[in-house]
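In: Have a look; sequence and predicted model below, questions after that.
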Amino acid sequence: MALVTYLFMALFLVMAGYMVWFVMHDTDQVLNNPANKRQELLAKRVTRGSILSADGKVLAQTKTDKKGNETRVYPYDGLFAHAVGRLSHGKTGLESTESYTMLTSGVNPLISIYNEFRGKKNPGNNVVTTLNLKLSQAAGNALGSRKGAVVAMDPETGKILAMVSKPSYDPNDLDDYRWNQLTADSGEDSALYNRAAQGLYPPGSTFKLYTALEYMREQEKYNKFRYTCTGSMGTGKDRIRCYGGEVHGGVDLTEAFAESCNAAFCQIGSGLDPTEWRKLCESLYYNKKTPLQKLEQNSSRFAITDSTAAGDIMQVSIGQGDTLVTPLQNALLVCAAVNKGTLMRPYLVDHTEDHDGNVLEDFEPVVDSKPVTEEEAKELKKLMRATVTEGTAHSLYSGTPYKAGGKTGSAEFQNGTKDSHAWFVGYAEKDGKKLVVSIVVEAAGTGSTYAVPIAKEIFNAYW
């Protein structure tokens, strides 16, 4: 009898524990699941709320005509199509993950009952994002008609201020003909694909941030590093050349980083401990999804082990080989470095409010981890600053009101040509205000030529 009692008590505790877990972790996912029929019932009683930018501009809203027909309207066409998402042909983005919130009304219960008695829908709650309209427009304009993505973040809070993916599509114009056109392109070529969070690219020389950091951790006297670059390293099929055949000559660690010397970083990477290197990368969300909720995303990949061939390790050292990264994840190490080693959890929703603007739920910044020490953060910022003052991002040095730093990249990829993705990850700061960007332009060429100018336009728009 006692055994049965204890068994039932154990089952009760397990069920109670699950209920607590569900309330804390799974409720939002279940409520916003497109298969949840409760949303259909709510949509008959509530007019779907709006999605707003951080400064109150409408990014998505429901308009109702005199006959009561509802139309979801996106005032900025395709600019926010991937982050805000769409409502028709399968909900995506915030339209999906915040659907239940927008179909819930915060009006006074008595007014709600009165409206329902009259057959009138109640207004749904609004979702206020962290997205900055001016920055998003600057990013979209700077990227233009080229394929690629831009992510801009506040490193001190984790707020995503811009997330732009090109090509895009207009969620206002999704009739059957247009939808068939969009779905004819599949996978990574599709305009429906959010390159900022789902696109996987070789990081190129932007990965030298990780190579340099691991070298600093393993070598106490890393400031003593010296290397004479002859323009290449290795032999035969493992031979790696500096970009454009450049010969850098004698370089220290700062010069090798600022001038993006491939040969020097192959030398550095060849002596690193693969296990510790992988631990570093995974502490910044390689091989797993970033902590950003609300959006579908892919995991960046870092795959070297103790058995990885020497030639493959040299490729990884400069961000080539099997290493792949999303623009979102590629911003995280820069965010930590700019924020004295602390990584804030990225987020897209600032708060929710009722139809009258009363705040219902406020989402505060959350510390995710401290993957970098303050001293390491300081050293990484020095390296990134040198890239601007004397290296491949020099165009950010003169004539700007802010102090910038970063790392360019020209990432080769397998498409039967010698094209490279153009990368820039970096930061700008002025008067205590900081901004981090991660930019990729597909098949464009060098990061200094194609990605850095985009960063400059975004920084200029912020200040």
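Out: Cool, got the structure.
In: Report the central residue of the protein.
Out: Leu328 (2.0 Å; C-alpha atoms, centre = their mean).
In: what residues does the strand or helix carrying it touch?
Out: Per DSSP states H and E, Leu328 falls inside helix 327-330. Contact partners of helix 327-330, identified using C-beta atoms under 8 Å, 6 or more residues apart in numbering, comprise 149-151, 163, 195-197, 199, 201, 203, 206, 284-286, 290, 292, 297, 300, 346, 423, 425, 438-440. Every C-beta, even on glycine, is put in place using the N, C-alpha and C of the backbone.
In: Just the ones in strands from these, please.
Out: Using DSSP state E, the members of the contacts of helix 327-330 that fall within strands are Ala149, Val150, Val151, Met163, Trp423, Val425, Ser438, Ile439, Val440.
In: Among the residues you listed, which pair sits farthest apart?
Out: The two members of the ones in strands among the contacts of helix 327-330 with the most space between them (C-beta to C-beta) are Met163 and Trp423, at 16.7 Å.
In: So between the two, which is more surrounded?
Out: Comparing Met163 with Trp423 by neighbour count (other C-beta atoms under 10 Å), the higher total belongs to Trp423, at 34 against 30.
In: shouldn't the more buried one be in contact with Gly204?
Out: Yes. Trp423 is within contact range of Gly204, at 5.3 Å (criterion: C-beta atoms under 8 Å).
In: what secondary structure does Tyr215 sit in?
Out: Per DSSP: H, G, I helix; E, B strand; the rest coil, the secondary structure class of Tyr215 is helix.
In: and the ones in strands among the contacts of helix 327-330, which are buried?
Out: Ala149, Val150, Val151, Met163, Trp423, Val425, Ser438, Ile439, Val440 (16 or more other C-beta atoms under 10 Å).
In: Of those, which is the nearest to Leu59?
Out: Using C-beta to C-beta, these come closest to Leu59 at Met163, 11.9 Å.
In: what is that closest one paired to in the beta sheet?
Out: As for beta bridges, Met163 partners with Val151 under DSSP bridges.
In: Tell me the gap between the next helix or strand after the helix holding Leu328 and the middle of its chain.
Out: Per DSSP H and E, helix 327-330 leads on to helix 332-338 as the next helix or strand towards the C-terminus. The chain centre lies 12 Å from the centre of helix 332-338; the measure is C-alpha atoms, centre = their mean, to the nearest Å.
In: what's the answer for stretch 180-187, then?
Out: That offset, for stretch 180-187, works out to 24 Å (C-alpha atoms, centre = their mean).
In: Quick check: mean pLDDT of stretch 113-131?
Out: Predicted confidence along stretch 113-131 averages 86 (mean pLDDT).
In: Next, the distance between the ends of that stretch.
Out: One end of stretch 113-131 to the other measures 35 Å (C-alpha to C-alpha, to the nearest Å).
In: So His89 versus Ile454, what's the distance?
Out: 30 Å (C-beta to C-beta, to the nearest Å).
In: The two: which is more packed in?
Out: Between His89 and Ile454, Ile454 has the larger neighbour count (other C-beta under 10 Å), namely 26 against 15.
In: Now for that one: which residues touch it?
Out: With C-beta under 8 Å, 6+ apart, Ile454 has these contacts: Ala139, Ala142, Leu143, Val150, Phe424, Ile439, Val441.
In: Now for Glu457, how many residues are close by?
Out: 15.
In: Sorry, slip of the keys, the one I care about is Pro75.
Out: 12.
In: mind checking pLDDT for it?
Out: 98.
In: go on, Val338?
Out: What the model reports as pLDDT for Val338 is 98.
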